[in-house]
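A.B. asks: Here is my input; please provide its structure:
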Amino acid sequence: MQDKNNTRVTEQRIKDLYKKILKREPDKAGLYYYLSEIISKRLTIEDVEKDLLASDEGKAFSGKFDHYTDRYWNDLELVVKYRNKLATGDENVVWMSDILKRFKEYLPFDNVLIVGCGNGWVERLLDDLQIAKHYDCFDISDKYINEAKSLAESRPFDYFIDDINSMKKIEENRYDAVFNFAVLHHATNIDFAIQKLAKSLKKNGLMFNEEYVGPAKNQYTDEHLERMYEIMSDLPEKYRTKVGFLKPPLDNFRVEPSEAIHSDLLLPAISEYFDIVYQKSLNGGVAYQILHNNIEQFEDYPTNSESKKWLEYLIKQDKKLSDDGLVPSLFWYGVVKPKI
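C.D. replies: Sure thing, here's the model as predicted:
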């Protein structure tokens, strides 16, 4: 009887923390996870509070959220090499550098559009590679545009505010190339956005894309989740995701409502307005979600043989299950040209 009372008290304390920090009731997966972790003494109620405060939702309500604070699988160099190999055939060559060889007859582009430039890192890297002579760059965020401007120095960049869902300042038949780095999956009207970008290109223009093309709002199927949990259960406890669930609750998307809103429609829409010039699947069906905001324990892999062993295991399983068609590819690199 005492145990039941303790469980009810603990459950209520978790609910109270959710209401206080995230301004909502806990989702079932989150409540079950934290309750079981406290009962098994792997976590304390203080740990739960810290987790909630550190979450994207918690940061949003405290005014501290920034997209660049998230930690993704490609923050690990071993994962970068894996994705490079998939994209270019060479683990040491990223797709942006690969342009210098694979598309050398187009270079340098006279005028390039950077879609959703954020803090400007994409155009700075492209400019370092001398990919183009001039770059038009837009983002919806004043904060990111100002940061990008401050880092641009004397580079050939023009920055302006615009929205991927309207692109009112984007002219037709203006650009030799468009670069979309994981922005189109935020478009609420995918068809409009892709058609607009197709029209912005000159006759022989190219659009380069690295994109999340998995299920909308990361709502993986039960079969897909089962594969992920099977692989994660093979990992030692310290390497497992600390979130407790691999399918993000829909409430999480209150922070960024446009995140992956229609990602499952992206490739069909691109095929409507573009022809494929070059494309590669970048996988991620297993490793991406397990490693999302869970890379700290793996970061010492260059000097820690156990960390390296389990990171290599994750990558190997990610590729095997993707190659066997048992999990979908969540990421895609594609170079396309407008249909004539």
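
A.B. asks: which ones are touching V178?
C.D. replies: With contacts defined as CB atoms under 8 Å, 6 or more residues apart in numbering, V178 is in contact with 112-113, 115, 197, 200-201, 205-208. In this view, the C-beta of every residue, glycine as well, is placed from N, C-alpha and C.

A.B. asks: do that again at 10 Å, thanks
C.D. replies: 109, 112-115, 136, 170, 197-198, 200-201, 205-209, 336, 338 (CB atoms under 10 Å, 6 or more residues apart in numbering).

A.B. asks: Could you do A87 as well?
C.D. replies: 93-96, 98, 210, 278-282, 331-334.

A.B. asks: okay, it: pLDDT?
C.D. replies: In this model, A87 is scored at 98, pLDDT.

A.B. asks: Under a three-state scheme, what state does it occupy?
C.D. replies: Per DSSP: H, G, I helix; E, B strand; the rest coil, the local secondary structure of A87 is helix.

A.B. asks: distance of it from G116?
C.D. replies: Separation of A87 from G116 (CB to CB, to the nearest Å): 20 Å.

A.B. asks: try P248
C.D. replies: For P248 relative to G116 (CB to CB), the value is 21 Å.

A.B. asks: Check which residues of the single longest helix found in the chain are buried.
C.D. replies: The helix that spans the most residues within the chain, counting by DSSP state H, is helix 305-323. Going by neighbour count (16 or more other CB atoms under 10 Å), the buried part of helix 305-323 is 307, 310-311, 314-315, 317-319, 321-322.

A.B. asks: next structured bit after it?
C.D. replies: Next along the chain after helix 305-323, taking DSSP states H and E as the criterion, comes strand 331-338.

A.B. asks: ok now that following strand, how far from the chain's centre?
C.D. replies: In terms of CA atoms, centre = their mean, to the nearest Å, the gap separating the centre of strand 331-338 from the centre of its chain is 17 Å.

A.B. asks: partner strands of that strand, parallel or antiparallel?
C.D. replies: Partners of strand 331-338 in the sheet, by DSSP bridges, are strand 201-212 (antiparallel), strand 274-283 (antiparallel).

A.B. asks: export these to CSV and tack on mean neighbour count and mean pLDDT?
C.D. replies: Output for these, formatted as CSV (neighbours: other CB atoms under 10 Å; pLDDT from 0 to 100):
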stretch, mean neighbour count, mean pLDDT
strand 201-212, 20, 96
strand 274-283, 17, 98
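
A.B. asks: In JSON lines, list the ones you listed along with distance to A132.
C.D. replies: Listed next are the strands paired with strand 331-338 as JSON lines, based on distance: least, CB to CB, whole Å:
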{"stretch": "strand 201-212", "distance to A132": "11"}
{"stretch": "strand 274-283", "distance to A132": "17"}
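
A.B. asks: what's the burial count for H262?
C.D. replies: For H262, the tally of surrounding residues (other CB atoms under 10 Å) stands at 19.

A.B. asks: Report pLDDT for it.
C.D. replies: So, for H262, pLDDT stands at 76.

A.B. asks: who's in contact with the residue lying closest to it once chain neighbours are set aside?
C.D. replies: Spatial nearest neighbour of H262, chain neighbours left out: I190 (4.8 Å); criterion: CB to CB, 6 or more residues apart in numbering. Shown in contact with I190 (CB under 10 Å, 6+ apart): 164-165, 184, 261-270, 272.

A.B. asks: List buried residues within those residues.
C.D. replies: 164, 184, 261-267, 269-270.

A.B. asks: Could you list the low-confidence segments of the stretch 101-250 of the chain?
C.D. replies: Scanning the stretch 101-250 of the chain for pLDDT under 70 picks out the ranges 243-245, 247, 249-250.

A.B. asks: Quick one: the strands in it, in order.
C.D. replies: Ranges of strands in the stretch 101-250 of the chain, per DSSP state E, counting those that start in this stretch, are 112-115, 135-139, 157-161, 175-181, 201-212.

A.B. asks: need the helices for the stretch 101-250 of the chain, in chain order.
C.D. replies: For the stretch 101-250 of the chain, the helices defined by DSSP state H, counting those that start in this stretch occupy 121-128, 142-152, 190-200, 222-234.

A.B. asks: Tell me which of those helices is the most buried.
C.D. replies: For the helices of the stretch 101-250 of the chain, the largest average neighbour count (mean count of other CB atoms under 10 Å) is found in helix 190-200, namely a mean of 20.

A.B. asks: Determine the angle, from 0 to 180 degrees, between that one and strand 135-139.
C.D. replies: Here the directions of helix 190-200 and strand 135-139 differ by 160 degrees (axes from the mean of the first three to the mean of the last three CA atoms, to 10 degrees).

A.B. asks: now helix 190-200 against strand 175-181, angle please.
C.D. replies: Going by the same axes, to 10 degrees, helix 190-200 makes 150 degrees with strand 175-181.

A.B. asks: Domains of the protein: list them as residue ranges, please.
C.D. replies: The chain breaks down into these domains under automatic domain parsing: 1-65, 73-216+253-338.

A.B. asks: Of these, which stretch is the most buried?
C.D. replies: Of those, domain 73-216+253-338 is the most buried (mean count of other CB under 10 Å), at a mean of 18.
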